[in-house]
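# 3D model of this:
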Amino acid sequence: MQRIPFVVVLWVASIYEAGPVYADKWWPLAPSEHFSDDHFFRFVITPQDPLPLPLPLPLPLPQREPREREHGRAPCTGALQRWDSRSPGKYQPVWARALVNDDAPVEVVVDSTGRFVATFDNWYATGYGSNAVVVYGPDGAVVRSLSLLDLLLPAEIARLSMSVGSVRWLESARFEGATDRRLLEIQVRQAASDGTPTASIALRLDPITGSALRSDADLEKIAEQRVLCQTLPASDSSIEWKACLAKATSDVWCALCRRLRADPVRQVRAATPANLEGQPLDSPEWSALGVVTGFHSVSLKKAGLEARLVEADGSASVARDPVSLYLIVTNGTADLVQRIWRVPRTVERIRKVSAAACGVDVAVDVDDQDTDDPVVHTVRETLRLCFLSSDRKLEPLLKIAELPQAPQ
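This next block holds a predicted model:
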């Protein structure tokens, strides 16, 4: 019987002076299967062809350069499959693609609706890189690829444990919520300076946009740390990275930033090679997208809300005022509050959307036909869409007022 080799990598970097450092052990890569909670969907990962053994040691994992598809090595691929009720024990393909990861992801979560798949970390280097979290959408397209610097605050990063080649951050993840409002729930490990585990923190991501549902203050701090990372050197000089420690909150933060600086922005290119094809969205739930022709957004800062107005053009079947309007209002924070209405008024076109005391004003053109004139004329008016109470709270019902507007 052939013995299966495994690799134990020990690497100590002199530039990291704080916190405990642990060894890493990685078994050889092999195909793996990951299931939704109900096992109705299966995600099969075929890792990138392994490097020839013996591996060159020591392998500098924390700043390990991403491997492009070199020397003819097949890329890491993932295939989402659906249970075939007509053939028990068999699965039918939904989509397949090359994944963002070079070798393979470490963890995978499959949504029980089949709409989303989330992968976590890179084999041989958890926590590092611009693809620590990758969300794939219904057709396998990358919704978003995120680094830990896109998700966590500097103080939270400082409470992560670091090994010789990885950052230990992921405790668990799962998709939760109603079918039409799924959220990716992530539990993040935290530890004291001596490595003693402390209470984990919870994050929520919107899988439709890939955005972290955090407060505006938190998102501002996250944006600031990304800017700081871009100002730091991309070299391996220990002197320069000691300067990083003087500016940043922790050695873990500097290690994550260092890897990002060495990791070119390539995830979209690597994830969509030329030999892959986009699949048409033929199922009924996507048909409404075919009539969407416009999108407007306005921020209601005093109420802490964002209003979005979507246009749907029905001119193929309606001659007069063919554009239907849909209003979405959300607070965009971790404590999600959202309302969606269809505006009970159609229009010819939208000219402008602006904030109002009770909601938004929508300047529109509407068709006006006099009974004595066979020609349809267009007039301007303003639709006032009210959804805020006097104390700027989001109301359950939408109120509409039609305000005449003088011609310009």
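# Which stretches in the stretch 201-350 of the chain count as helices?
216-231, 238-247, 251-262, 267-271 (DSSP state H, counting those that start in this stretch).
# Lowest average pLDDT across those helices?
Mean pLDDT is lowest for helix 267-271 out of these, coming in at a mean of 36.
# Of all the residues in stretch 35-44, which ones are buried?
Of the residues in stretch 35-44, 36, 40-44 count as buried by neighbour count, 16 or more other Cβ atoms under 10 Å. Yep, even glycine has a C-beta here, placed from its N, CA and C like the rest.
# Stretch 217-235 now?
Across stretch 217-235, burial judged by 16+ other Cβ under 10 Å covers 218-219, 222, 225, 228-229, 232.
# Share the number of residues neighbouring the closest residue to Ala118 other than its chain neighbours, please.
Closest residue to Ala118 in three dimensions, ignoring its sequence neighbours and counting by Cβ to Cβ, 6 or more residues apart in numbering: Val109, at 4.7 Å. When neighbours are counted by other Cβ atoms under 10 Å, Val109 registers 22.
# who's in contact with Val109?
34, 117-118, 120, 173-175, 184 (Cβ atoms under 8 Å, 6 or more residues apart in numbering).
# again, 7 Å this time
118, 173-175 (Cβ atoms under 7 Å, 6 or more residues apart in numbering).
# Redo the residues you listed as TSV? Include pLDDT and secondary structure.
Formatted as TSV, the contacts of Val109 follow (pLDDT from 0 to 100; DSSP: H, G, I helix; E, B strand; the rest coil):
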residue	pLDDT	secondary structure
Ala118	97	strand
Ala173	96	strand
Arg174	96	strand
Phe175	96	strand
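# With distance to Leu403 and secondary structure as added columns, please give the buried residues of stretch 35-44 in a markdown table.
Compiled in a markdown table, the buried residues of stretch 35-44 are given as follows (distance: Cβ to Cβ, whole Å; DSSP: H, G, I helix; E, B strand; the rest coil):
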| residue | distance to Leu403 | secondary structure |
| --- | --- | --- |
| Ser36 | 50 | coil |
| Phe40 | 51 | coil |
| Phe41 | 50 | strand |
| Arg42 | 55 | strand |
| Phe43 | 52 | strand |
| Val44 | 57 | strand |
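# Which members of those define the maximum pairwise distance?
Phe40 and Val44 (14.5 Å; Cβ to Cβ).
# picking that back up, can you tell me how far the residue nearest to Ala118 is from Arg97?
Distance, Val109 to Arg97, by Cβ to Cβ, to the nearest Å: 17 Å.
# Equivalent analysis for Pro322, please.
Taken as Cβ to Cβ, the span from Pro322 to Arg97 is 37 Å.
# Which of the two has more residues huddled nearby?
Neighbour totals were compared for Pro322 and Arg97, and Arg97 leads with 22 against 19 (other Cβ under 10 Å).
# The helix or strand containing that one: how far from the chain's middle?
Element membership of Arg97 [criterion: DSSP states H and E] is strand 91-98. Centroid separation for strand 91-98 versus its chain: 21 Å, with Cα atoms, centre = their mean, to the nearest Å.
# in it, what counts as buried?
Those would be 91, 94-95, 97-98, for strand 91-98 by 16+ other Cβ under 10 Å.
# tell me which of the residues you listed is nearest to Ser130?
So of these, ranked by how close each gets to Ser130 (Cβ to Cβ), first place is Ala98, at 16.1 Å.
# isn't that closest one right up against Gln48?
No: applying Cβ atoms under 7 Å, one finds Ala98 not in contact with Gln48, separated by 9.4 Å.
# So for those two, which residues contact both of them?
75-76.
# so what's the nearest residue to Ile201 once chain neighbours are set aside bridging to?
Leaving aside its sequence neighbours, Ile201 sits nearest to Val188 (Cβ to Cβ, 6+ apart; 4.9 Å). Val188 has these beta-bridge partners by DSSP bridges: Leu170, Ile201.
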